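Participant: here you go, sequence then predicted model.
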Amino acid sequence: MNKKISYIFRLFIFCCGAFLLGLGVAYFYKSELGADAMSSFVQGLNCQIHLSQGIWNSIVSISMVLTALYLDKKQVGLGTIIYPFICSYAINLGISIIPSSNSNMITIEYLFLGVFLVALSIAVTVKLNCGKDPYDAVIFAFMNRFNLKYNVIRWTMDGSMLVIGVLLGGTFGAGTIFILLVLGNFVMFLMKLIDKFIIETAIGFV
C-alpha cells in the first residue's frame, strides 16, 4: 500500500473515530446523568453570552487548535480540522435517533456505552498519525512539553473546565463526575491494548 492510499485509509478510520465520539457524547446526553466536562464548559459560556452551543463549541475547538499549534504543532493535522464537524454531526444525529431512557438500567447502560465509545475513539484516532481531535491535541502537546501522563492532564483539564463551566452557569450531574474520574484511565488502558495488538500482529508477520 503506497503512502497516499495508506494516508487516505487512516484518515477514513480517523473520521469513523470522530463519528464514534459524537455518538458517545449523544449517549451521555440521553442518559440525562450529565454530559462531559467540555459540554458543561460550553453550556456555561452560552449562559453568559448567548451565541448557541454550536458556535461556542466551534470557538473553543479553534482555541484548542491554536493552543496545540503553539505548544506542539506535530499534534495538529488534517484530521484535527475536520474532526469537530464530523463529531458535531454525529452528536446531533445520535440525539435524534437514540431512544430516551425509560429505566434506571438503560440510563446506566447509556452512560457506560458513552464512555466506551468516547474512549475507543480517542485511543484509535491518536494512533493514526492524521492529527488529533482539538481537545486531545492540547493534551498530547502538554504531555510532550511537561512529560506528564495522559490521565493526569485529562483530569486537570476536565476538572478545570467543569468548575469554570459550573461557575458560569453550566450544569452537571453524577454522570459528569463518573466520566471525569474514569475516562482518562480507560483511554490509557485502550491505547496500551492497541499497542500490544499492533506489536503482536507485527511479530506474527515476521
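Facilitator: It's in. On a predicted model such as this, the values are computed, not experimentally measured, just so you know. Residues are numbered from 1 along each chain as shown.
Participant: now do the buried residues in the longest helix along the chain.
Facilitator: Scanning the chain for the longest helix, with DSSP state H as the assignment, gives helix 174-205. Neighbour counts using 16 or more other C-beta atoms under 10 Å place Gly175, Thr176, Phe178, Ile179, Leu180, Leu183, Gly184, Phe186, Val187, Met188, Leu190, Met191 of helix 174-205 among the buried residues. For every residue, glycine as well, the C-beta is placed using N, CA and C.
Participant: then stretch 150-169?
Facilitator: Neighbour counts over stretch 150-169 (16+ other C-beta under 10 Å) mark 150-151, 153-155, 157-158, 161-163, 165-166, 168 as buried.
Participant: make a markdown table from these and add pLDDT and distance to Asn104 to it.
Facilitator: Output for those, formatted as a markdown table (pLDDT from 0 to 100; distance: C-beta to C-beta, whole Å):
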| residue | pLDDT | distance to Asn104 |
| --- | --- | --- |
| Tyr150 | 88 | 32 |
| Asn151 | 86 | 29 |
| Ile153 | 92 | 33 |
| Arg154 | 89 | 28 |
| Trp155 | 91 | 27 |
| Met157 | 93 | 30 |
| Asp158 | 91 | 25 |
| Met161 | 92 | 28 |
| Leu162 | 92 | 24 |
| Val163 | 93 | 28 |
| Gly165 | 92 | 26 |
| Val166 | 91 | 25 |
| Leu168 | 92 | 30 |
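Participant: out of the residues you listed, who's nearest Val60?
Facilitator: Comparing the buried residues of stretch 150-169 against Val60 with C-beta to C-beta places Met161 closest, at 9.0 Å.
Participant: what sits against that closest one?
Facilitator: Met161 is in contact with Ala37, Met38, Ser40, Phe41, counting by C-beta atoms under 8 Å, 6 or more residues apart in numbering.
Participant: can you list phi and psi of the nearest residue to Ile177 once chain neighbours are set aside for me?
Facilitator: Spatial nearest neighbour of Ile177, excluding adjacent residues (C-beta to C-beta, 6 or more residues apart in numbering): Gly34 at 7.5 Å. For Gly34, the backbone dihedrals (degrees, to the nearest 10) come out as phi 110, psi 140.
Participant: give the contact list for Arg10.
Facilitator: Leu128, Asn129, Cys130.
Participant: among the buried residues of stretch 150-169, name the ones in helices.
Facilitator: Filtering those for helices - DSSP H - leaves Tyr150, Asn151, Ile153, Arg154, Trp155, Met157, Asp158, Met161, Leu162, Val163, Gly165, Val166.
Participant: so can I have JSON lines of those showing distance to Leu71?
Facilitator: Output for these, formatted as JSON lines (distance: C-beta to C-beta, whole Å):
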{"residue": "Tyr150", "distance to Leu71": "15"}
{"residue": "Asn151", "distance to Leu71": "19"}
{"residue": "Ile153", "distance to Leu71": "11"}
{"residue": "Arg154", "distance to Leu71": "16"}
{"residue": "Trp155", "distance to Leu71": "18"}
{"residue": "Met157", "distance to Leu71": "13"}
{"residue": "Asp158", "distance to Leu71": "18"}
{"residue": "Met161", "distance to Leu71": "17"}
{"residue": "Leu162", "distance to Leu71": "22"}
{"residue": "Val163", "distance to Leu71": "22"}
{"residue": "Gly165", "distance to Leu71": "23"}
{"residue": "Val166", "distance to Leu71": "26"}
